[in-house]
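In: Generate coordinates for the sequence data below:
(2 chains, ligands or ions: 2)
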Amino acid sequence: MTASTRKAVGDAWQERARSGFVVAAIALGVAAFLALLASYAILTRELHSGYLATNPASAILHTDAVDDHMLAAVGADPEVGSAEAKRMVFGRIEVGPAQWRNLLLFVVSDYGSIRLNKIVPEQGAWPPATGEMLIERDAVQVAHARIGQTFVVRTADRQEHTLRISGRVHDVGQAQARMENSVYGYITPRTLAQLGQKPVLDLLYIQVATNKYDEAHIRHVAEKVKQRLEAEGYRIHGVDVPVPGKHPHADLMGTLLLAMFSFGVLLLALSGVLALNFTAALMAAQVRQIGIMKALGGTRGQVARIYLLQALLLGGVATVIGAPVGIWGTLLLCRYMGMFLNFDVTSFGIPGWVFVLAAMVGLGVPVIASAFPVWRRTSMSVRLALANTGTPQDHFGRSVVDRMLAGIGGGVRPVILSVRNSFRRRTRLVLTCTTLTCAGLLFMTALNLRTSMIRTFDRLFAAQKYELTVNFGEMYPVEKINRAILSVPGVIRSENWIVTQAVIARTGRRAPRVTDASDTFRVFALPADSKLFVPVLAKGRSLRSGEDDGILLNQTLAAQNPQIKVGDHLMLQMGSAEMKGRVVGVDREPMAPPPIAYVPISVLERVHPGMANFTGIAIKKTESASIESMRNAIDSNLEREGIRGVGISSKSEFRVAVDQHMLMIYIFLVLASCVVAGVGGLGLATTMGINVLERRREIGILRAIGATSRMIAAIVVLEAVVIAVLSWGAAVLLARPLSEALAGMMGRSMHGAFDFSVAPLGILVCLTAALLVAATASLLPAASALRLSVREALTYE
Amino acid sequence: MEAEQLIQEPFRTPRLHSFSMITLTQVAKNYDTPAGDYPALCGVDLQIAAGEFVAIVGKSGSGKSTLLNLIAGIDRPSMGEVVVNGANIREFSENRLALWRGKNIGLVFQFFQLMSTLTAAENVMLPMDFARIISPRQRRTRALELLERVGCTRHADKLPSALSGGEQQRVAIARALANDPPVVLADEPTGNLDSSTGKAIFTLFGSLVRSGKTLVVVTHERDVAEKFTRVVELSDGAMIAAGTPDRQGATR
Ligand SMILES: Nc1ncnc2c1ncn2[C@@H]1O[C@H](COP(=O)(O)OP(=O)(O)OP(=O)(O)O)[C@@H](O)[C@H]1O
Ligand SMILES: [Mg+2]
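Out: Ligands and ions are numbered 1, 2, ... in the order given. Okay, the predicted model is just below:
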C-alpha cells in the first residue's frame, strides 16, 4: 500500500460512523438500481418469450359460426399460417354461498391440437371431459377451487348447471384472474351444449404466415380474409388485431418497471447528494493537511487522487454490499411481478451488462459527487491552506440571511441556537433537505393521487345512475323485460337500451377519411333524455331529445380517432343498420374503458321496434348482499319470462376492481417514499454528525458554561428537527404542483382527466414522519456530542 | 443566593476550609500519551481565599491551563483533592459538574468563544437558560445590565462577527458573570488582544474583584502585576512561587 492509499483508507476509517451512513445510502441506491434494471431485463425477456411460446393469434375475426369449409378456405390462403376456431362464453360462477363471480369460458374443440394461443396443462385432466372444466391457475384462488370440486355456473340460458373442475392449466395470454376478479375456464363444445348453448365456435383466430410482427401487414391479410369470406356468404361482424408479439399486459409492466427504474435512479442521485455532503465536510476539515501535503511537494493531482481514492473506496464497499441485496431484490421483484402478471419466470439469469452498469454506477456516483469539493479544496494555495485553522471558518453574521435570522428573537436561547445552527451551512442544509423533501413529496403525491383518483371515480361512478346492467345477448320485447325487472322489489327504475357492434363506415365531408375503419366498437343506443346514463362531458354536449343524429363518443373512441372532432359528420355501420350522424361530444368514463359510442335509441328502434337487448337498472340499496339477492331475483324473473340474460354486471363490483388496479400505483409510491425517507434519514444523520464534529469546540463551551447532557442532546435533536420540518415545508409546497402534473399524466393515459384534490392526511402523516426521522437520525450524533469531554472539545483544532 | 446554593450541594466541605474559596491538596495530573504517562502537574498545594485576584504565570507547557481546568472542573485530577466553593468536585458526575459550573464558575477563554449564531445579549442569557436560577423574564434585563457593566450596551443585539476582539472578550466576561458566580477563571484572556485593550480588560477584572468575586487568571501580561493579590508561578508542573505581587516585584 502506498502512503496515499493508506491515508485514504485511514481517513475513511477515522470517519467510520459517517462513512458508514454514506456507504449504506450508496449501497441502497446500488441495490435498487441493480434490482430494478435486472428485473426489467429479466421480466421483459421472460414475458416476451412466454407470450410468444403461446403462439398468439395475429387477428381474430368475429363471425356466426366457423365451419370446416371456412377453416379450409382460410387455411389455403398462403398468407395465413394457421387458422383455428374458438369461442368465448360469458357467465357467472358460484364460488361460495350466494357469492357469484364472472366466468369466462373458452371453448376449444380439440385440446390435442391447439396451435394458437396455447395453454399449458399443469395438473389433473387434459383434455376436459364433457361436463368438466379446466381452470386457469390464477383463477383457482378466485374460485377457491380444488380439482374434483363441482361448481354451479350460469350462462346465457337462465339454468343453473354444474361443472366439475378436472384440471388446472396456465394461460399466459390472460390478464391475472385475481386482478380481474373473474374465473377463466376451458371446456369443449359438448360441454357448451350441456350448458344449453349452441355448440358452435364463432371466433376465427388466424396467424399470418410471414411478417408476424408487422401490424399493417396483419391488417391487410385480415381484411383480405374478411372480404374473401364475405364473398362466400359468411357474415363477419368485426376484426380484432392485438398489438403483434406483445403480451396484453406488457405495456402495463413496462410502465410499472419504468416508474420503478426512475425511482432507482432517483435513489442513486440522492445517495450521491449524501456523498457530496460528506466529502464537502471532510474536505473542509482537511484544508490544512492538504496545504501540508502540497508544501511537501505534492501536486494538486496527487493530492486530489488521495481523496478521490477515498470516494472510490466508499463506492467499492457500497457496491459489494449493495449487489447481493440487489440480486435478492431482483428475485423478489421478478417473482412478484411474475405472479402479478401470471407468467412463469423460467430463468432468473441476470445479464452481465446489468452487473457492469451497477458496478460503474456504484463506483462512479461517490467519485462524481466528491469531484467538486475535492477540486475546490485542492486548488487552495499552500499559504492560505496552512493558515486555515482546520475548523471551518465561522462567517455567521456576514450575510443578510444571518442578520435576518439574528433579528428574529425568541424566548429560549438553546432553541434559537438550534434554529440558527441549522442555517449555518446552507449548501449542506439544502442538500440534506433535498432528500427528505423528495421522500415527503413522494408520500404526499401518493396520497394526493389516491384522493384525486377516488374523487374522480366517485364522480364518474355517481354519474351513472344504474347499479346493475343486464346484457341479453339477443333482442327481447321491451314489455317482457319490463315485466321481469320492474316487479323485483328494490328496483327504482330501469331503461332498455340496444347495444350493438359498429364500425365507422366513413366520415363526413368535413372530416378526413378514417384510414383504419375495420376496428369495431360498441354502440349503446339509449333514450336521449336517459335518466340512468348521465354523461360526464369532456367536450361538447350530451345527446338531446328530439335529435336523431347525435353521436356521443367515449374518451377511448375519441382518442383512437383523433381526427374526428366535435361537430364532424360520421357514418356508423351497425350490422345491417346505418346511421348518418354528427359528433356532439365526448364522455368521460372511469379507467381506460373500451371504445364506445352513444346514439339515440330512435336510430335502432326503427330496425328493432319495441325490442331491446340491454337494460340498466337503478336500485335502492347498494350493499353487496342486497345487490346479489336482487341479481338472483332478476335472474329468476327473466327466466319466468323466457328471457336469457347473458350477464348481469354490477357497478360496485366494477368499482372494486378499478380500485384494485389503482392500489398498485399507490402502494408503490408509498413504499418508494419510505425507502427515500430512509436515505433522507441517513443523509440527515450524516449532516448532523458533520455538524456536531465541526462544532465540537462550541459544544465544549456550552458544557463549560453549564449545559447539561440533556440540553446538549436537545440542541442537537432540535437542529435535526428544524431541518426535517423545513424539508417537510418544502415538500408541502411542491407536492401540489407535482401531484397535479402526475394526475394529469395518469388522466391522459386513460384518455381522460383526473379531478385533482389534496389529501390533508398526507401532510400530517408526513410531519409526524419528519419528526420521527429527525429524532432517529440525531440519536447517534447527539450521543457523540455527549461523549465529548469538555477539555477535548476545547482543545480540538 | 450563594448561601442557598451551598446548602443545596450535598458534598459540603468541613468548616475548616470555608475561609478558602479554592483549595487544591496534593493535586497531580497525568496525561495518557502514546509515550506513556506524562505528568503535567505534580504535588500542587494551593489555597485561594474569597476575594483574591490570583495570576498564574509560567512558560508555555508549564501546566497553567491544566491547573485552571482542574479548578473549573473541566478536567479531573489524577491525584489529590480539588474543593471549590465548598464542593469537592472530584466526585461529581459530568452532568452535575456542568450544572455546578454554570452556577459557580464564570469562564473566560483566550479566543472569546462566543456562540457565533447568538447575539451578544443572547450569549449572555445562554448560561441563565442553562442554570435556571434567574427567572426567564429577568434574563434579558440582567444581560443588559451585565453588558452595561462591561461597556457593551450598544452591541447587545449584534452578532459576534460584527464585534471587535476586545468587544467580544467584554461580552464573554459579561457571559461569565451571567449567574453571578463567586469564582471567575480566565485563560490568557488578553492573549489575542492588543496591549491597551488588554489593559482595559484587566481594569474590568479589577472592578470584579472589588465587587467580591474571586478571580484566577492565566496571563503573560507583566505590566498589570500590581492589580493581583498574588502571583502563582508554575514550572514543569510544579509551583515554584506563590507569593504576593509585592514580593514578586521585590525579587525582580
Ligand atoms: N490532552 C493532553 N494529552 C497529553 N499531554 C497534554 C495534554 N494537554 C496538555 N498536555 C501537556 O501537558 C503540559 C501542560 O500543558 P498546559 O496546556 O497546561 O500548558 P500551558 O502552561 O497552558 O501552556 P501554554 O502557555 O502554551 O498554553 C504540556 O506539556 C502539554 O504538552
Ligand atoms: Mg495554556
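
In: When you work out contacts or count neighbours from here on, use the C-alpha atoms and nothing else.
Out: Noted.

In: Find the centremost residue of chain B, please.
Out: residue B:185 (0.8 Å; C-alpha atoms, centre = their mean).

In: hang on, that residue is in a strand, isn't it?
Out: Yes. With DSSP: H, G, I helix; E, B strand; the rest coil as the criterion, residue B:185 is part of a strand.

In: residue contacts, residue 125?
Out: Since no chain was named, I'll use chain A. Each residue near residue A:125 by C-alpha atoms under 8 Å, 6 or more residues apart in numbering or on different chains is listed here: A:134, A:166-168.

In: my bad, the chain I had in mind was chain B
Out: By C-alpha under 8 Å, 6+ apart, the neighbours of residue B:125 are A:413, B:139-140, B:143, B:175, B:178.

In: is the spatially closest residue to residue A:182 that is not a sequence neighbour in a bridge, and if so with what?
Out: Spatial nearest neighbour of residue A:182, excluding adjacent residues (C-alpha to C-alpha, 6 or more residues apart in numbering or on different chains): residue A:102 at 4.8 Å. Beta-bridge partners for residue A:102, by DSSP bridges, are residue A:92, residue A:182.

In: Now do residue A:102, the pLDDT please.
Out: Here, the pLDDT recorded for residue A:102 equals 81.

In: go on, the one 10 residues further on?
Out: Reported pLDDT at residue A:112 in the predicted model: 86.

In: Just to be sure, it is in a helix?
Out: Yes. In this structure, residue A:112 lies within a helix as judged by three-state DSSP.

In: what about it, how many residues close to it?
Out: 9 (other C-alpha atoms under 10 Å in any protein chain shown).

In: Please apply the same query to residue A:364.
Out: Count around residue A:364 with other C-alpha under 10 Å applied: 17.

In: show me what contacts it?
Out: For residue A:364, the contacting residues are A:312, A:315, by C-alpha under 8 Å, 6+ apart.

In: Mind checking what secondary structure it has?
Out: helix.

In: Let me know the distance separating it from residue A:265.
Out: Computed as C-alpha to C-alpha, to the nearest Å, the residue A:364 to residue A:265 distance reads 13 Å.

In: From what I see, the residue nearest to residue A:182 and residue A:91 are in contact.
Out: Yes. Residue A:102 is within contact range of residue A:91, at 6.0 Å (criterion: C-alpha atoms under 8 Å).

In: can you narrow the contacts of residue A:125 to ones near chain B?
Out: Cross-checking the contacts of residue A:125 against chain B (C-alpha under 8 Å from any C-alpha of the partner chain) gives no overlapping residues.

In: Stretch A:453-461: how far from the chain's middle?
Out: Centre-to-centre, stretch A:453-461 and its host chain are 18 Å apart (C-alpha atoms, centre = their mean, to the nearest Å).

In: ok, and what's touching it?
Out: Stretch A:453-461 is contacted from outside by A:536, A:588-590, A:651, A:655, A:754-757, using C-alpha under 8 Å, 6+ apart.

In: Same question for stretch A:147-164.
Out: Counting by C-alpha under 8 Å, 6+ apart, A:89-95, A:124, A:131-133, A:165-168, A:195-197, A:472-473, A:635-636, A:638-639, A:643-647 sit against stretch A:147-164.

In: How about the closest residue to chain A within the stretch 1-150 of chain B: what's its closest non-neighbour residue?
Out: Going by C-alpha to the nearest C-alpha, chain A is nearest to residue B:102 of the stretch 1-150 of chain B, at 3.7 Å. In space, and not counting its chain neighbours, residue B:102 is closest to residue A:706: 3.7 Å by C-alpha to C-alpha, 6+ apart.

In: Just the pLDDT for the one you found.
Out: pLDDT, residue A:706: 84.

In: mind listing the strands for chain B?
Out: Taking DSSP state E, the strands of chain B run over residues B:20-33, B:36-49, B:53-58, B:79-84, B:87-88, B:105-108, B:183-187, B:214-218, B:230-235, B:238-241.

In: typo on my end, the stretch 1-150 of chain A
Out: A:59-63, A:80-96, A:99-107, A:120-124, A:132-136, A:150-154 (DSSP state E, counting those that start in this stretch).

In: so of those strands, which one's packed in deepest?
Out: Across the strands of the stretch 1-150 of chain A, averaging neighbours per residue (mean count of other C-alpha atoms under 10 Å in any protein chain shown) puts strand A:132-136 on top, at a mean of 28.

In: Starting from it, tell me which strands it pairs with and how they run.
Out: Sheet pairing for strand A:132-136, using DSSP bridges, gives strand A:160-170 (parallel), strand A:182-187 (antiparallel).

In: Pick the most buried one from these.
Out: Ranked by mean neighbour count, the strands paired with strand A:132-136 are led by strand A:182-187 with a mean of 24 (mean count of other C-alpha under 10 Å).

In: Quick one: mean pLDDT for it?
Out: 90.

In: residues near residue B:130, how many?
Out: With other C-alpha under 10 Å as criterion, residue B:130 counts 23.

In: Relative to residue A:699, how far out is it?
Out: Taken as C-alpha to C-alpha, the span from residue B:130 to residue A:699 is 13 Å.

In: contacting residues around the closest residue to ligand 1 within the stretch 651-797 of chain A?
Out: Relative to ligand 1, the nearest point of the stretch 651-797 of chain A is residue A:792 (7.0 Å; C-alpha to the nearest ligand atom). Contacts here follow C-alpha under 8 Å, 6+ apart; on that basis residue A:792 touches residue A:700.

In: And residue B:186, by the same measure?
Out: B:107-110, B:215-218.

In: element containing the residue positioned nearest the centre of chain A?
Out: What sits nearest the mean C-alpha location of chain A, by C-alpha atoms, centre = their mean, is residue A:665, with 4.1 Å. With secondary structure defined by DSSP states H and E, residue A:665 is part of helix A:651-694.

In: Is the following helix or strand past that helix in proximity to chain B?
Out: Following helix A:651-694 in sequence order, the next helix or strand is helix A:696-704 (DSSP H and E). Yes. Contact of helix A:696-704 with chain B (C-alpha under 8 Å from any C-alpha) involves A:698, A:701, A:703-704.

In: Which of those has the largest number of neighbours?
Out: Counting neighbours by other C-alpha under 10 Å, residue A:703 comes out on top of these with 30 neighbours.

In: hang on, the earlier thing: need the strands paired with strand A:132-136 in CSV (columns: distance to ligand 1).
Out: Output for the strands paired with strand A:132-136, formatted as CSV (distance: least, C-alpha to the nearest ligand atom, whole Å):
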stretch, distance to ligand 1
strand A:160-170, 75
strand A:182-187, 76
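
In: Let's have those in JSON lines, adding distance to residue A:300.
Out: JSON lines is the format used below for the strands paired with strand A:132-136 (distance: least, C-alpha to C-alpha, whole Å):
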{"stretch": "strand A:160-170", "distance to residue A:300": "65"}
{"stretch": "strand A:182-187", "distance to residue A:300": "69"}
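
In: Mind pulling up the pLDDT for the residue of chain B positioned farthest from its centre?
Out: The outermost residue of chain B relative to its centre, with distances by C-alpha atoms, centre = their mean, is residue B:35 at 31.3 Å. Per-residue pLDDT puts residue B:35 at 82.

In: For ligand 1, see how far away it is.
Out: 10 Å (C-alpha to the nearest ligand atom, to the nearest Å).

In: least reliable of the strands of chain B going by mean pLDDT?
Out: Looking at the strands of chain B, the bottom one is strand B:238-241 with a mean of 82.

In: just checking, what packs against that strand?
Out: strand B:36-49, strand B:230-235 (3 or more C-alpha pairs under 8 Å, 6 or more residues apart in numbering or on different chains; DSSP states H and E).

In: In PDB, please show the C-alpha coordinates belonging to the first one.
Out: If I follow you right, that is strand B:36-49. Extracted in PDB, the C-alpha atoms of strand B:36-49 (Å, rounded to 0.1, in the frame of the first residue of the first chain):
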ATOM      1  CA  GLY B  36       3.400   6.800  28.400                       C
ATOM      2  CA  ASP B  37       2.000   8.800  31.300                       C
ATOM      3  CA  TYR B  38       3.000  12.500  31.000                       C
ATOM      4  CA  PRO B  39       2.900  14.400  34.300                       C
ATOM      5  CA  ALA B  40       1.500  17.800  33.500                       C
ATOM      6  CA  LEU B  41       1.100  18.800  37.200                       C
ATOM      7  CA  CYS B  42       2.500  17.200  40.400                       C
ATOM      8  CA  GLY B  43       2.000  17.900  44.100                       C
ATOM      9  CA  VAL B  44       0.300  21.200  43.800                       C
ATOM     10  CA  ASP B  45      -1.000  22.700  47.100                       C
ATOM     11  CA  LEU B  46      -2.800  25.900  46.600                       C
ATOM     12  CA  GLN B  47      -5.400  27.800  48.700                       C
ATOM     13  CA  ILE B  48      -7.100  30.900  47.300                       C
ATOM     14  CA  ALA B  49      -9.300  32.900  49.600                       C
END
